[in-house]
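In: any chance you can model this:
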Amino acid sequence: MKTRFFLPLLLLAGAPAVAADQPAPASAATEAQSPRAILQAAIDAAGGEVWLSPRTLYLAGTAVFYAPDSALPRSRATDYRMWREMNPGRTDAHQADGKVRIVARDGERLLFEVGFDGTTTWTEKGVMPKAEADAYWANNFGFGIIRQALNDGFRLERAPDTEVGGHAVQMIRIIDPHGARTLFGIDRDSHYIRYMGFATPRGFHVRTYDDFVMLDNPRWLQAREVSLYYDGVKANTVYWKEVKVNGPVDGDLFRFPGK
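Out: Okay, the predicted model is just below:
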């Protein structure tokens, strides 16, 4: 019978023993990497208090829409507009919020139109049933929750950092009071918001933001190029050319024209 020899594992000479559960010492660098500090830097870069609490927002530009099974654009909107009336007390990240109307046209031809008056969702085809409307908005609403994330009832977490469009971003996760999770990617250098992602009935939804411009009055950072993806497939890119913050918006804009 052969004798088997087992060699003991040896510690390297001079290597200090470290307890696995010993916490790392806190430092200013660690605090700067906290999700709260990263979010606060993004808020400051975006415009501070005005950006946190806008009353209305109007955006106009163009858009390109894609089919999931083709490399070519499905349609182009030469006139793409959105009006928003904000809800400052929002707590649900991915449900209809405030009031909104979006109109997409190719020349004189209407591609689509959708609105929400605070209660009813409608399109150019008529009023949308509530269950269908809830799923529709769950596929789309998400960005505005970042403005509420420092309020009571919200939780912030860190996530692994990555790159978006060649820019290093710090990832944070916002968990609203209902448990819905939304990822945001904040540019490590400029602190601009370059990424948002969350799970939807349609698949995992990602938006990337680029071509930023800072308005002077009020101070407001606006991404002029926004691309939307579902499960990694591009759905559309919007190119904003006109921005108005806190301007007057007629409440009738949000009501279903057929009423």
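
In: Thr237 touches Ser227, doesn't it?
Out: Yes - here Thr237 reaches Ser227: they are 4.4 Å apart, a contact under CB atoms under 8 Å. C-beta coordinates here come from the backbone N, C-alpha and C atoms, glycine included.

In: if I look at these two, which residues touch both of them?
Out: Here Thr237 and Ser227 share no contacting residue, scored by CB atoms under 8 Å, 6 or more residues apart in numbering.

In: thought Leu228 was touching Arg207?
Out: Yes - using CB under 8 Å, Leu228 makes contact with Arg207 at a distance of 5.4 Å.

In: tell me where the model's unsure across the stretch 1-150 of the chain.
Out: 1-32 (pLDDT under 70).

In: what ranges do the helices span in it?
Out: With DSSP state H, counting those that start in this stretch, the ranges of helices along the stretch 1-150 of the chain come out as 28-32, 35-46, 49-52, 130-138.

In: among the ones you listed, which is the most enclosed?
Out: Mean neighbours per residue, mean count of other CB atoms under 10 Å, is largest over the helices of the stretch 1-150 of the chain for helix 35-46, with a mean of 18.

In: pull the residues that contact that helix.
Out: 31, 51-52, 146, 149-150, 156-158, 170, 172-173, 184, 186, 190-193, 220-221.

In: for PyMOL, write a command that selects the buried ones of those.
Out: Of the contacts of helix 35-46, the buried ones go into a single PyMOL selection, burial set by 16 or more other CB atoms under 10 Å:
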select buried, resi 51+146+149+156+170+172+173+184+186+191+192+193+220+221
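
In: list the ones among the contacts of helix 35-46 that fall in strands.
Out: 156-158, 170, 172-173, 184, 186, 193, 220-221 (DSSP state E).

In: now these in TSV, with distance to Trp122?
Out: Below are the ones in strands among the contacts of helix 35-46 laid out as TSV (distance: CB to CB, whole Å):
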residue	distance to Trp122
Leu156	35
Glu157	37
Arg158	40
Gln170	39
Ile172	35
Arg173	33
Phe184	30
Ile186	35
Ile193	30
Trp220	29
Leu221	31
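
In: okay if I get those as TSV plus distance to Leu253 and pLDDT?
Out: Shown next, in TSV, are the ones in strands among the contacts of helix 35-46 (distance: CB to CB, whole Å; pLDDT from 0 to 100):
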residue	distance to Leu253	pLDDT
Leu156	35	98
Glu157	37	98
Arg158	40	98
Gln170	37	98
Ile172	34	98
Arg173	34	98
Phe184	29	98
Ile186	32	98
Ile193	27	98
Trp220	21	97
Leu221	25	98
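
In: what do Leu228 and Arg207 both touch?
Out: Counting by CB under 8 Å, 6+ apart, nothing touches both Leu228 and Arg207.

In: where do the strands sit along the stretch 101-250 of the chain?
Out: 109-116, 121-123, 126-127, 155-164, 167-175, 181-187, 193-200, 203-215, 220-230, 233-245 (DSSP state E, counting those that start in this stretch).

In: and the shortest one, which strands flank it?
Out: Listed by DSSP bridges, the sheet partners of strand 126-127 and their directions read strand 121-123 (antiparallel).

In: buried ones in the partner strand, by neighbour count?
Out: Here strand 121-123 shows 121-122 as buried, counting by 16+ other CB under 10 Å.

In: picking that back up, and the helices of the stretch 1-150 of the chain as CSV, adding distance to Val114?
Out: Formatted as CSV, the helices of the stretch 1-150 of the chain follow (distance: least, CB to CB, whole Å):
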stretch, distance to Val114
helix 28-32, 41
helix 35-46, 26
helix 49-52, 25
helix 130-138, 8
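
In: out of those, which comes closest to Pro248?
Out: helix 49-52 (16.5 Å; CB to CB).

In: what sits up against stretch 63-70?
Out: 72-77, 80, 104, 111, 230, 233-239.

In: got the contact list for Thr119?
Out: Counted by CB under 8 Å, 6+ apart, Thr119 has zero contacts.
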